[in-house]
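Undergrad: mind folding the following:
(2 chains)
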Amino acid sequence: MQSVSAEETIQRLIFSLSEIEQLGETIISGRGNFNVSSRTYLRIIHGTLQVNRCAILLFQPTENCLTVEAAISVEDESLSIPVTDDDIAAILESSTIDPSSPPPTLDNFFNQIQPQLELLGANLWAPLKIRDEFLGVISLGSFRMQDDLEDWNRELLPVLANQVSVAIAYSRLLDKTRAEQFRLFMLSDTATQICKSLDTEAVQEEVVTHAITLLDASAGGLLMVDPVTQRLEMKSIFTLEPQADTELENLSIPLQTDQDAPSVLAPLAEIAAPEGETLIANSGGNGVLLGRRNLMAVPMRGREDTLGVLIVADKEGRGGATLDFTDEDRVLLEAFANQAGVAIENAQLYQEALEGRQLQAEMEEAAKIQQNLIPDTLPEISGYEATGLYFPRGGVGGDYYDCLPDANDTWGLAIADVSGKGMQAALLMATLRAGLHSEVTRKEDLPSMAEALNSLLYASSTDGKFATFFYAQLHPEMDQITSVNAGHNYPLVIRSEGGCDELEKGGVMLGMFPNDVLAQISEYEQETTQLSSGDVVLFYTDGVTETVNPDGELYGEERLEEVATRVKDDSADQICQAIYDDVIAFQGEAQQFDDLTMMVLKKT
Amino acid sequence: MATSFNVNTRTEDGYAVIETDGYLNGPTGERLAETAKDLMNQGYSTLVINLEKTRLVNSIGISILIEIIEFLQEHGGALHFCHLTPVIERTFKMMGLAQHAEIHPDEASATTNL
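TA: Residues are numbered from 1 along each chain as shown, chains lettered A, B, ... in the order given. Coordinates of the predicted model:
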């Protein structure tokens, strides 16, 4: 090697100083990513110190190793050098280290990493650090112009290393600032966005995806409390692994944990308890759930109760590392969950209100249908008075009564109550009425008519609805009624001479079983009842006898019979009105859910 | 909902288009950065990233996009984004990406006048 002249040394010194200035300018240029600028720094070092090879190696704290960030003339840039805390402490004690004659505390370290040192062609190391924080090393190869660095160059290397360290710290600070800026923006912006949506399922999905981006997580889910089953049910999940879907999407956890055989998922149920707190399960600790590397779960509170549990998992860092969830993350996710809870509750309330309006509209429509099917007045029957009453109370049931001429020169009196309420009940009642009007034109006996109507209703009812039904055929010339009772409240025959009979003979309700099954259970039967002058036949639905008063007592058959007996000598209209008045007086302020329907036939 | 990440590239006269599909986070962002660098090494210094099928971007994804912008600027190139969801567009503007890369509603407007 030839020696360097004083003039050359001065020129290189001036060059070096200008390069250091350029290094400083690069740092403050605003391009903060060290990934991008590291090669620029390396070129400056390479040119200033005239080395054949050089590299910047950064310390990866999650893996405890050094990896190549940027390199010039290094064959394998994927190499990795393991370092311990003791190695790091020893490296930080020197401003430069010669790997061929390291301090005694680093002998073992450098012996073990000989293969990596050869790949790097390492001749000299300078640690990168900010105060006592170890960031990495600059590794230099052979010097082109001399065997070793001159003293001024040896002093220049730590200055360059210091500049590079500042650049790394600046880059990391910028990364952190950007991440914080991103989180604050996401917290305010996404919370505003999800509050705008009124679709519960969409809001639940948005909550999960935004929680994931907010926390830099790779997976997440939302478990909602089902107040009926008292379980936490998975409503929305997001994962990067399709195979995890089926396992998680059906996740259901009982809220009450079994003390004797606690489930591994019991900690998630505990979060949903009124005093439940956020759970952070990092890989360093015990009990990471759902097969995740780390997990954080926070309670999502509503105005009064806990709505559910929001989970984020596998928080990621740069370079594929998994980071622990921190207290800062907890505060952030709890704040987000609070806003998300309001959004979900708003969506649920809106949906309930919408369903309520739809139900109300349906009930109004059903009420119109029902009103149109019930006769305004009953026909005049020689020797008899007939009257009916339908009084809606809080709901549209499938109550029905009718009086119509039939094919046997008799009169048919019918009363029925279709199970359920609303449009379906009204439509089934309309079907029954149409069937009845068709059947009475045929000269068949009443059990046959009941079977035909049973068959019709069984075929028409798709959701297990049925009807109680009573039909009486009035023979005015014989003062007889022949009747069939298909599971309906027994009509009362209040005798003018005193006493009361019940018309109970018949069979099971219409529409419950097909006719072939019905034949095996019991066939419909009919009975004939003789009427005398002044006798009253009272047909009614269960809305009458199941009327409750404010004390929760039922009106009942006995009370009905008493009132009917008391007013039996009045006209049919007056009897009907008296019963109605008595029932209404009985109910007082108590809310009723069933309509009031009755029909009175009196032999004059 | 499970999601995977896919990157498709298409080269045109004077520029290249990168289409992403899925969550843009650390690992997937690194794949995007590698793809961008490969295209730059092939001589395409003007890139259009079409994010039509990407609904989520986290902070690490943002950081990697900034890195790609800086790489391109170092090499005298430019980056254009298109088909951003409203949330992602607001995020890019707030995080300063929009100052160094143009945002377009669709690919046609992104590639006009390149």
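Undergrad: look up which helix or strand A:Leu66 falls in, please.
TA: Using DSSP states H and E, A:Leu66 sits in strand A:65-72.
Undergrad: who does that strand touch, helix- and strand-wise?
TA: Counting contacts by 3 or more Cβ pairs under 8 Å, 6 or more residues apart in numbering or on different chains; DSSP states H and E, strand A:65-72 packs against helix A:34-49, strand A:54-60, strand A:80-82, strand A:133-140. Where you see a C-beta, it was placed from the backbone N, CA and C, and this is true even at glycine.
Undergrad: and the first one with strand A:65-72, angle?
TA: Compare the direction of helix A:34-49 with that of strand A:65-72 by axes from the mean of the first three to the mean of the last three Cα atoms, to 10 degrees and you get 60 degrees.
Undergrad: buried residues, helix A:34-49. List them.
TA: Of all the residues in helix A:34-49, those buried under the rule 16 or more other Cβ atoms under 10 Å in any protein chain shown are A:34-42, A:44-46, A:48-49.
Undergrad: and of those residues, the nearest to A:Leu223?
TA: Minimum distance to A:Leu223 across the buried residues of helix A:34-49 is 38.5 Å, recorded for A:Asn35 (Cβ to Cβ).
Undergrad: tally of neighbours for the closest residue to the closest one other than its chain neighbours?
TA: The shortest distance from A:Asn35 to any non-neighbouring residue, by Cβ to Cβ, 6 or more residues apart in numbering or on different chains, is to B:Glu67 (5.4 Å). Using other Cβ atoms under 10 Å in any protein chain shown, B:Glu67 has 21 other residues around it.
Undergrad: so the residue sitting nearest the centre point of chain A: helix, strand or coil?
TA: For chain A, the residue nearest the mean C-alpha position is A:Lys235 (3.5 Å; Cα atoms, centre = their mean). Following DSSP: H, G, I helix; E, B strand; the rest coil, we place A:Lys235 in the strand state.
Undergrad: quick one: A:Asp445 and A:Gln526 touch, right?
TA: Yes. Contact status for A:Asp445 versus A:Gln526: in contact at 6.6 Å, counting by Cβ atoms under 8 Å.
Undergrad: who has more neighbours out of these two?
TA: A:Gln526 (20 against 14).
Undergrad: surely that one meets A:Leu503?
TA: No. Using Cβ under 8 Å, A:Gln526 is not in contact with A:Leu503; the gap is 10.2 Å.
Undergrad: shared neighbours of those two, anything?
TA: A:Ser483 (Cβ atoms under 8 Å, 6 or more residues apart in numbering or on different chains).
Undergrad: still on that earlier bit, who are the contact partners of the residue nearest to the centre of chain A?
TA: By Cβ under 8 Å, 6+ apart, the contact list for A:Lys235 reads A:Glu201, A:Gln204, A:Leu222, A:Leu223, A:Met224, A:Gly308.
Undergrad: can you rerun that using 7 Å?
TA: A:Gln204, A:Leu222, A:Met224 (Cβ atoms under 7 Å, 6 or more residues apart in numbering or on different chains).
Undergrad: does any bit of stretch A:168-179 sit next to chain B?
TA: Yes. For stretch A:168-179, a contact with chain B is found by Cβ under 7 Å from any Cβ of the partner chain, at A:Asp175, A:Arg178, A:Ala179.
Undergrad: would a markdown table of those residues with pLDDT and neighbour count be doable?
TA: Listed next are these as a markdown table, based on pLDDT from 0 to 100; neighbours: other Cβ atoms under 10 Å in any protein chain shown:
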| residue | pLDDT | neighbour count |
| --- | --- | --- |
| A:Asp175 | 81 | 19 |
| A:Arg178 | 83 | 18 |
| A:Ala179 | 84 | 16 |
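Undergrad: and these, which of them are in strands?
TA: Among the residues of stretch A:168-179 next to chain B, the subset assigned to strands under DSSP state E is empty.
Undergrad: check what pLDDT A:Asp107 gets.
TA: In the predicted model, A:Asp107 carries a pLDDT score of 93.
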